[in-house]
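**Student:** Pasting the sequence and the predicted coordinates here, then a few questions.
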Amino acid sequence: MLDRTSLRGYLNPGKLGVAETLDLLTPQGEHREIGLEEVRSVYFVREFTEDFEPERKTFLSRPKLDGLWVRLKFRDDDVIEGVVPNDLLSLLDRGVQITPPDLHGTTLKIFIPRSALTELTVLGVVGIARRKTPAPSQPGLFTE
């Protein structure tokens, strides 16, 4: 949350960026509706542990994942880097979903609402697809 408290639970990732609220199902089975403007970030983790924040918030070198390498600055001046899909339409939603720098940590993905950010900077394009050149045509060996 924006006040740095955390809530654990399950939610439908397909609804992120579409609705103005998050429907959270707590581990105790309670349903909570949370306004997106109250959310700092949503961490998708392998398992619920106390330590869910990534150990590293920046890449040590150029990332190997395909996409846009971005730096996000929160309203509280905290900064995190990540990789987003190279699809500008996905950046026009209500938030940004990044793959964090620590690929072997507990956190798989992070969704950050636009209302929690003050700045998004593209640091580079990673893994751009190369144009395929057509193979030279061979003359047929048995066609005469």
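**Tutor:** Cool, got the structure.
**Student:** Not including adjacent chain positions, what is the nearest residue to residue 123?
**Tutor:** Distance criterion C-beta to C-beta, 6 or more residues apart in numbering; nearest residue to residue 123, sequence neighbours excluded, is residue 69 at 4.5 Å. Backbone N, C-alpha and C define where each C-beta goes, glycine included.
**Student:** Give me the helices and strands touching the helix or strand that the one you found is a member of, please.
**Tutor:** Taking DSSP states H and E as the definition, one finds residue 69 inside strand 67-74. Here strand 67-74 touches strand 79-84, strand 95-98, strand 117-126, going by 3 or more C-beta pairs under 8 Å, 6 or more residues apart in numbering; DSSP states H and E.
**Student:** 6 Å instead, please
**Tutor:** strand 79-84, strand 117-126 (3 or more C-beta pairs under 6 Å, 6 or more residues apart in numbering; DSSP states H and E).
**Student:** Parallel or antiparallel, list what pairs with that strand.
**Tutor:** Partner strands for strand 67-74, per DSSP bridges, with pairing direction: strand 79-84 (antiparallel), strand 117-126 (antiparallel).
**Student:** Low-confidence bits of this structure, can you list those?
**Tutor:** Within the chain, the ranges that satisfy pLDDT under 70 run 92, 128-144.
**Student:** Next, format the helices and strands packed on strand 67-74 as CSV and append distance to residue 94 and mean neighbour count.
**Tutor:** Supplementary listing: these in CSV, determined by distance: least, C-beta to C-beta, whole Å; neighbours: other C-beta atoms under 10 Å:
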stretch, distance to residue 94, mean neighbour count
strand 79-84, 14, 20
strand 117-126, 11, 13
